[in-house]
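>>> quick one, what's the 3D model for this:
(one chain, ligands or ions: 1)
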Amino acid sequence: MSTADGRTDRSLPGHCSRCFLRAAAAEAGEYALLMMLQQTGLARFAVDGKLVEPEQGLRASELAGLQASMREYYGRGARGMLNRIGEAAWTELQQDESLGGKALRILRRGLPRSARARQTLEELARQMSGSDGDVSVHLLDVDLYLIDRTSDSTLGQAAEQPICWVTTGMIEAALRQALGSDVDVEEVNCRVLGAEACKFRVRI
Ligand SMILES: [Zn+2]
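Numbering: from 1, shown residues only. Reported below is the predicted structural model:
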């Protein structure tokens with residue numbers, strides 16, 4: 001399905017959709033999430049006052065719409081809330097993953113810090129991409145960049161500043177787990193500003 005600006009309104013990778021909703025319920029509270037799901041036309045996830053995860057996950061436009069409702073509802077607190085949802089979503093993704101992912105993480109412990117960071121970001125990029133997305137990791141000078149050309153959460157949105165706070169939260173949580181310390185992550189460009197991709201700079 002394509003939108004007016006030629007972007008694809010893809011179905012999110014199933015596990016990403018599930019993990020985002022679970023993380024949002026944990027951080028925002030189930031009651032607030034159900035209200036926002038209903039406001040966003042996503043009543044199929046809110047049945048009989050409970051969060052349900054139907055077979056058919058979120059589409060990109062639905063994720064973008066839900067995050068827009070959250071930005072409106074939380075106002076100045078939205079950035080912090082969405083950031084925490086991203087962090088919790090990373091934890092959910094880890095619980096959802098195969099044992100292979102866990103084994104890889106243990107192997108990675110022996111690597112130098114920068115290689116560990118890069119491999120961890122590449123794992124996150126693969127999860128975000130799914131089968132049809134375009135999320136990649138690049139090293140430029142001494143900084144790592146996660147480049148998200150798919151940028152589901154900006155689909156159909158308008159804003160004057162980068163809005164991908166969930167992704168920033170996922171990157172922060174992934175690197176904290178891999179490196180054992182906090183890392184500076186900043187979204188330096190965003191598709192919502194007309195850029196070709198959302199660009200997250202990571203200072204290791
Ligand atoms: Zn963005």
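>>> make it CA atoms for all contacts and neighbour counts henceforth
OK.
>>> check this protein for the residue nearest the ion and tell me.
For the chain and the ion, the shortest gap (CA to the ion) falls at C190, measuring 3.6 Å.
>>> isn't L179 up against R113?
Yes - between L179 and R113 there is a contact at 6.7 Å, judged by CA atoms under 8 Å.
>>> and the two? Which one has more around it.
Using other CA atoms under 10 Å, the more surrounded residue of L179 and R113 is L179, with 18 against 14.
>>> what residues does this structure have near the ion?
For the chain, the residues in contact with the ion (CA under 5 Å from the ion) are 164, 190, 198.
>>> where do the strands sit along this structure?
46-47, 50-51, 135-140, 143-148, 184-189, 198-203 (DSSP state E).
>>> may I see these arranged in JSON lines, with mean neighbour count and mean pLDDT as well?
Formatted as JSON lines, these follow (neighbours: other CA atoms under 10 Å; pLDDT from 0 to 100):
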{"stretch": "strand 46-47", "mean neighbour count": "16", "mean pLDDT": "92"}
{"stretch": "strand 50-51", "mean neighbour count": "16", "mean pLDDT": "93"}
{"stretch": "strand 135-140", "mean neighbour count": "16", "mean pLDDT": "96"}
{"stretch": "strand 143-148", "mean neighbour count": "21", "mean pLDDT": "97"}
{"stretch": "strand 184-189", "mean neighbour count": "17", "mean pLDDT": "97"}
{"stretch": "strand 198-203", "mean neighbour count": "22", "mean pLDDT": "97"}
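>>> select the longest helix from the chain.
helix 78-96 (DSSP state H).
>>> what about R108, how many neighbours?
R108: 17 neighbours (other CA under 10 Å).
>>> excluding its backbone neighbours, what's nearest it?
R116 (6.0 Å; CA to CA, 6 or more residues apart in numbering).
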